[in-house]
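Enquirer: model the structure of this input:
(2 chains)
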Number of protein chains: 2
Amino acid sequence: MKKPVVLLSGGLDSATLLHSCAAEDPNVHALSILYGQRHVREIDAARAIAKRLDVRFTVCDLEHALRPIFAGATSSQVGIHVPVPFGHYADESMKLTIVPNRNAVLLSVAAALAVSLGLNTVAYAAHAGDHPIYPDCRPAFIDALSIALELGCGVSIYAPFASITKTDIVKKGAKLGVPFDLTYSCYVGGPFHCGRCGTCTERREAFRDAGVEDPTQYADLV
Amino acid sequence: MKKPVVLLSGGLDSATLLHSCAAEDPNVHALSILYGQRHVREIDAARAIAKRLDVRFTVCDLEHALRPIFAGATSSQVGIHVPVPFGHYADESMKLTIVPNRNAVLLSVAAALAVSLGLNTVAYAAHAGDHPIYPDCRPAFIDALSIALELGCGVSIYAPFASITKTDIVKKGAKLGVPFDLTYSCYVGGPFHCGRCGTCTERREAFRDAGVEDPTQYADLV
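Expert: As a prediction, this is how the structure comes out:
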């Protein structure tokens, strides 16, 4: 039986995954990891989502520890900062948002927590829209890492959104009653979603295409 | 061409690997990671080894960050502490020294550093004697993780000792002029090697079987 640690970023994808897993097993454990992203606004969102759902929640703050690791990286999210690119999520320019080997680090730490808690799965909300830009969201990567973690510590990766779109996730989340208003995923990290960065653009489109009301406060409309 | 980050624990295996890599390319980069092991004595050893060889050296201190991750783990090295077991390195009792998913975390962080520095390889000194107890030292795990990291961030794992013994490593290190007296690998973490824990037992046997003089100061002989 699947007993998961759910990687919860605070965005709508992982919030939907958490709700989906909790519907199967209320003993799910949520994990948020800070790795040096420009803002901690999303961890506050993750905490609020876990609290609303009344699931156990762990924060792992790797930010300070990873500073020497990312010091030489050119990324809008960590290391040598470049401005957050605006535009469509799948644009070539979004490569500036790549954090070196981010997901292998996050998934490995989540698997360590799973072992420590006697759980056997890491649930991870990568989706099809992530594939063009982020190699560490693609099914081939997820499958290979799942095999490695299974061999190394007996934990496998569950990534049920790997082949569906964000629009599908919004539809699914709406059915599950996910509090979308609590979720946060803007790259800029202000008090409101900026409305113009890659994740904001993708978020808007997903709600529109899913025919689900978008409760997000976008700064460019305020 | 291989351009490696070498995971340097401060023990004789990784010190030998660092010397071997540096002999091929002096631009090698050494990385030591603190993850909550009982002592930092080994990081001091790693620093001294890197300094002697005049290679670049980064320390990544994950100890504080990983505390909530390992809090529930039963391990002599992190989490809920149990006494360090004494005996042979390959004994069943040595399972108490397992740190949950340790090597996937360390290798993933090392790969992130490689990407940040424009390097393409993580060199890792797991050896055949590690296999009975530590699943995350076995060739199947290393190969699977190497495939995952290659897909996720373009970095592969180089583990040239995966099928040789510690005795072979001591022979190789002696030829390369590794300063064995600077290396440290005791599980107990005192000022001298304890001489009785798994790694000390293995270390002693390796020098004896290799016919190489053992410069180690063992506490049980002092």
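
Enquirer: show me what the strand or helix carrying residue A:143 is packed against.
Expert: With elements taken from DSSP states H and E, the one containing residue A:143 is helix A:139-153. Using 3 or more CB pairs under 8 Å, 6 or more residues apart in numbering or on different chains; DSSP states H and E as the contact test, the elements touching helix A:139-153 are helix A:102-117, strand A:156-158, helix B:102-117, helix B:139-153. From N, CA and C alone the C-beta is placed, and that goes for glycine too.

Enquirer: mind putting the ones you listed in TSV, mean neighbour count and distance to residue A:123 included?
Expert: Listed next are the helices and strands packed on helix A:139-153 as TSV, based on neighbours: other CB atoms under 10 Å in any protein chain shown; distance: least, CB to CB, whole Å:
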stretch	mean neighbour count	distance to residue A:123
helix A:102-117	27	9
strand A:156-158	22	5
helix B:102-117	27	17
helix B:139-153	23	17
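
Enquirer: contacting residues for residue A:36?
Expert: A:62, A:63, A:66, A:67, A:70, A:77, A:78, A:79, A:99 (CB atoms under 8 Å, 6 or more residues apart in numbering or on different chains).

Enquirer: report pLDDT for the nearest residue to it once chain neighbours are set aside.
Expert: Using CB to CB, 6 or more residues apart in numbering or on different chains and skipping the chain neighbours, the partner closest in space to residue A:36 is residue A:78 (4.0 Å). Residue A:78 carries a pLDDT value of 78.

Enquirer: worst-scoring helix or strand of chain A, pLDDT-wise?
Expert: Sorting the helices and strands of chain A by mean pLDDT, DSSP states H and E puts helix A:63-70 at the bottom, at a mean of 91.

Enquirer: starting at the chain centroid, how far to that one?
Expert: 19 Å (CA atoms, centre = their mean, to the nearest Å).

Enquirer: let me know the helix or strand that the residue lying closest to residue A:139 once chain neighbours are set aside is in.
Expert: Once flanking residues are discounted, residue A:139 sits nearest to residue A:162: 4.9 Å by CB to CB, 6+ apart. In this structure, residue A:162 sits in neither a helix nor a strand according to DSSP H and E.

Enquirer: residue A:162 reaches residue A:125, doesn't it?
Expert: No. With contact defined as CB atoms under 8 Å, residue A:162 and residue A:125 do not form a contacting pair (9.1 Å).

Enquirer: quick one, strands of chain A?
Expert: A:4-7, A:29-34, A:56-61, A:121-123, A:156-158 (DSSP state E).

Enquirer: what's the second one packed up against?
Expert: Contacts defined by 3+ CB pairs under 8 Å, 6+ apart place strand A:29-34 against strand A:4-7, helix A:41-53, strand A:56-61, helix A:102-117.
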